[in-house]
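S.K.: Here is my input, please return the structure:
(chains A, B, C and D)
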There are 2 protein chains.
Amino acid sequence: MTATLVFKALADPTRRSIIELLKKRDMTAGEIAEQFNMTKPSISHHLQTLQTAELVLSERNGQHIIYSLNTTVFQDIMMWMMNITGKENKE
Amino acid sequence: MTATLVFKALADPTRRSIIELLKKRDMTAGEIAEQFNMTKPSISHHLQTLQTAELVLSERNGQHIIYSLNTTVFQDIMMWMMNITGKENKE
DNA sequence: TCCTTATTTAGATATTTGTCTAACTATCTA
DNA sequence: TAGATAGTTAGACAAATATCTAAATAAGGA
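M.R.: Below you'll find the predicted structure:
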């Protein structure tokens, strides 16, 4: 897990919206693109960014590529944040 | 709390290091700058970014400006993440 | 009031990012 | 094998970002 890549990926509202869509169900690249007022290549690029950060996984199924969430990375980030907010163990 | 500003602020390793320093104790801008191989104006700019995201607070004390963590924003972000990772309530 | 210390603001520059159009690759079906 | 559909890659470009040096502001002390 590379924190910089993860936070950069989460810093874009379109990418956060993609994550929120994938929270509900796995979706193909095309289904995701339909939800946005943006070209398919742009969405494809955002998916690439999310994938590089390991926030989403993809699997080809025939003509389609199905994207899904990878929640383990979120948990790593939450650990980091909990450590920051923890009043105790300030060291 | 503006998620985009918060994640952008967290996306830089220098800024995350500043946060980790402030976790241990409040520090002046100069003390923070000493810890990095970077000019004071650059650090000042990073502190500005953290402040805009409401991740840190500042207070002038004579010649010094003392920076401190604001953990409430971290908690908001953790809420968002927990909601994403939650298996239940997929809606 | 003048000098020193602490910090920020301004302006410049190289790099990164988000978006687009055009072209390419992969798969299915007739 | 040809055409249609799904998706990505390549290349261009404007906007945003991280960094620097130089200059400005703020506060304290002689």
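
S.K.: and chain A, which of its residues are near DNA strand C?
M.R.: Chain A has residues A:8, A:11-12, A:14, A:38-39, A:41-42, A:45-46, A:49, A:60, A:62-63 near DNA strand C, with proximity defined as CB under 7 Å from any atom of the strand. For the C-beta atoms, the positions are set from N, CA and C on the backbone; glycine is no exception.

S.K.: ranges for the helices of chain A?
M.R.: Secondary structure of chain A, counting by DSSP state H: helices at A:3-10, A:13-24, A:29-34, A:40-52, A:71-85.

S.K.: quick one on the thing from earlier: if you rank the residues of chain A next to DNA strand C by neighbours, which is first?
M.R.: Neighbours here are counted as other CB atoms under 10 Å in any protein chain shown. On that basis the top member of these is residue A:46, with 21 neighbours.

S.K.: tell me the contacts of residue A:64?
M.R.: A:28-30 (CB atoms under 8 Å, 6 or more residues apart in numbering or on different chains).

S.K.: which stretches of chain A have low pLDDT?
M.R.: Using pLDDT under 70 as the threshold, the predicted model of chain A has low-confidence ranges A:87-91.

S.K.: what about the helices of chain A, which gets the closest to residue B:79?
M.R.: With CB to CB, the closest approach to residue B:79 among these belongs to helix A:71-85: 10.1 Å.

S.K.: ok so, going back, closest one to residue A:73 out of the contacts of residue A:64, please.
M.R.: Using CB to CB, the contacts of residue A:64 come closest to residue A:73 at residue A:29, 20.0 Å.

S.K.: I'd like to know how far that closest one sits from DNA strand D.
M.R.: 4 Å (CB to the nearest atom of the strand, to the nearest Å).

S.K.: Kindly indicate which of the contacts of residue A:64 lies nearest residue B:3.
M.R.: The shortest distance between residue B:3 and any of the contacts of residue A:64, using CB to CB, involves residue A:29 and amounts to 23.9 Å.

S.K.: Could you pull up the contacting residues of the closest one?
M.R.: A:40, A:43-44, A:47, A:64-65, A:67.

S.K.: Pull out the buried members of the residues you listed.
M.R.: In terms of neighbour count (16 or more other CB atoms under 10 Å in any protein chain shown), the buried residues within those are A:43, A:47, A:65, A:67.

S.K.: So which of the helices of chain A has the densest surroundings on average?
M.R.: Mean neighbour count, computed with mean count of other CB atoms under 10 Å in any protein chain shown, is highest for helix A:3-10 among the helices of chain A, reaching a mean of 20.

S.K.: so that helix versus helix B:71-85, what angle?
M.R.: Using axes from the mean of the first three to the mean of the last three CA atoms, to 10 degrees, the inter-axis angle of helix A:3-10 relative to helix B:71-85 is 70 degrees.

S.K.: How about residues contacting helix A:3-10?
M.R.: Residues lying outside helix A:3-10 but in contact with it, judged by CB under 8 Å, 6+ apart, are A:15-16, A:19, A:49-50, A:52-55, A:73, A:76-77, A:80, B:3, B:7-8, B:10-13, B:16.
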